[in-house]
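S.K.: with the input below, show me the fold.
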Amino acid sequence: MKTTTRLKQLVHAPELLMMPGVHDALSARIAENAGFEAVTAAGFAATGALLGQPDSSQLSASEMADHYARICDAVEIPVFVDADTGFGNVTNVRRTVRDFERAGVAGLFIEDQIFPKRCGHTPGKDVVTVEEYLGKLKSALDARRDPDFVIMARTDALGVIGIEDAISRGQMALEIGADMIFVEAPKTADDMRRICTEIKAPHFANMVDFGDSPLLTAQELQDIGYAAAVWPVASVFTVTKALQDMYGALKRDGTTEAAQPAMVEFATYTALVGLPELRDQEEAYLQTTRDYLASRQRAAE
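M.R.: Sure, this is the predicted structure:
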């Protein structure tokens, strides 16, 4: 089954789709091994992992597409991604969708912030006009080649203009064909319920650790009415803390011994990244060649 089709099935299933955030191919493989049926990759973690910089539109569309392609190559499950503001106007949005589709992602979302955008849980963000945003969204919908490719509409209007405008934008995005709706950064569970009630669509919850929205459980989000939820920064925050601890111990002690309880062992890591299977594959190709050469030798005798 195509990953696009699988993602659409998961979004429309009765149970909430839990998608952990991943920041690189290794974290995606770990999430897949943990049993998750889909993952998400977004600009906040990607910019931190690739540039060591904040989420402020510093990565280009092609850099993001390359990053997402590596993640998709590492796993078999659907990868749902962040397309920021579409990296320009309606023409740029069209190319972004095509590039991301070629990268192998199962779906993406386009937001209505001005460029350069900011993390949705930081102050100072602003949004474009409804006309500009809906034009970009329509361009994205028309650009996709696979009809199962999921395109979600994100609005940051709640934190800029208010919940009424955010709901209105979500309703209009749904009317022109968006598959899902993402109203960013509601500050209360009551606001979440109102959003899910007034916009009759599959909804997406963004569980940003230490962010503006209440950090609810998957069951609580499902009860409110969400179809899918992501935890987009937990992986990069966890890795940051783990590396701070490990490098601090190494600098202090001159050895990593104190940090080893927080590490996986060498064999565990190599198994995770598929080294045993790689060695088996290499040997199989060599054996095929040996058999071929032996058969030619027998034929010549």
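
S.K.: where along the protein do the helices fall?
M.R.: Along the chain, counting by DSSP state H, helices occupy 3-12, 25-33, 43-51, 61-74, 90-103, 130-143, 163-175, 189-198, 218-224, 234-253, 266-272, 275-300.

S.K.: output the contacting helices and strands for the fourth one.
M.R.: In terms of contact count using 3 or more C-beta pairs under 8 Å, 6 or more residues apart in numbering; DSSP states H and E, helix 61-74 is assigned the packing partners helix 25-33, strand 39-41, helix 43-51, strand 79-82, helix 90-103. All C-beta spots, glycine's among them, are computed from the backbone N, C-alpha and C.

S.K.: export that helix as CSV, just CAs?
M.R.: Extracted C-alpha coordinates of helix 61-74, given in CSV (Å, rounded to 0.1, in the frame of the first residue of the first chain):
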residue,chain,number,x,y,z
ALA,A,61,12.6,24.2,0.0
SER,A,62,15.2,22.0,-1.6
GLU,A,63,17.2,21.6,1.6
MET,A,64,13.9,20.5,3.4
ALA,A,65,13.1,18.1,0.5
ASP,A,66,16.5,16.5,0.8
HIS,A,67,16.1,16.2,4.5
TYR,A,68,12.7,14.6,4.2
ALA,A,69,13.9,12.2,1.5
ARG,A,70,16.5,10.8,3.8
ILE,A,71,13.9,10.3,6.5
CYS,A,72,11.5,8.6,4.1
ASP,A,73,14.3,6.3,2.8
ALA,A,74,15.0,5.1,6.4
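
S.K.: correct me, but Leu134 touches Met172?
M.R.: Yes: counting by C-beta atoms under 8 Å, Leu134 does reach Met172; the two are 6.1 Å apart.

S.K.: which intervals of the stretch 51-200 of the chain have sub-threshold pLDDT?
M.R.: 120 (pLDDT under 70).

S.K.: give me the nearest residue to Ser57, chain neighbours excluded.
M.R.: Pro116 (3.5 Å; C-beta to C-beta, 6 or more residues apart in numbering).

S.K.: what is the neighbour count of that neighbour?
M.R.: 11 (other C-beta atoms under 10 Å).

S.K.: ok, it - contacts?
M.R.: Going by C-beta atoms under 8 Å, 6 or more residues apart in numbering, Pro116 touches 56-58.

S.K.: that one and Lys136, how far apart?
M.R.: Look at Pro116 and Lys136: by C-beta to C-beta, to the nearest Å, they are 15 Å apart.

S.K.: likewise for Ile110?
M.R.: 6 Å.

S.K.: only C-alpha atoms, please: export stretch 108-118 in CSV.
M.R.: Below are the C-alpha coordinates for stretch 108-118, written out as CSV (Å, rounded to 0.1, in the frame of the first residue of the first chain):
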residue,chain,number,x,y,z
LEU,A,108,2.3,18.1,4.2
PHE,A,109,0.8,21.2,5.6
ILE,A,110,0.9,24.8,4.4
GLU,A,111,0.6,27.7,6.9
ASP,A,112,-0.6,31.3,6.6
GLN,A,113,2.2,33.1,8.4
ILE,A,114,4.2,35.8,6.7
PHE,A,115,7.7,35.0,5.5
PRO,A,116,10.0,34.6,7.3
LYS,A,117,7.8,32.6,9.6
ARG,A,118,8.3,31.9,13.3
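
S.K.: so which bits of it are buried?
M.R.: 108-114, 117-118 (16 or more other C-beta atoms under 10 Å).

S.K.: so how far is that stretch off the chain centroid?
M.R.: Chain-centre distance of stretch 108-118: 15 Å, with C-alpha atoms, centre = their mean, to the nearest Å.

S.K.: stretch 12-32 too?
M.R.: 8 Å.

S.K.: likewise for stretch 264-283?
M.R.: 26 Å.

S.K.: just among the contacts of Pro116, which is most surrounded?
M.R.: Ranked by the number of neighbours (other C-beta under 10 Å), these place Ser57 first, at 16 neighbours.

S.K.: against Ala173, how distant is that one?
M.R.: From Ser57 to Ala173 the distance is 21 Å (C-beta to C-beta).

S.K.: Thr240 versus the spatially closest residue to Phe109 that is not a sequence neighbour, what's the distance?
M.R.: Once flanking residues are discounted, Phe109 sits nearest to Met152: 3.9 Å by C-beta to C-beta, 6+ apart. Going from Met152 to Thr240 by C-beta to C-beta gives 27 Å.

S.K.: cheers, nothing more for now.
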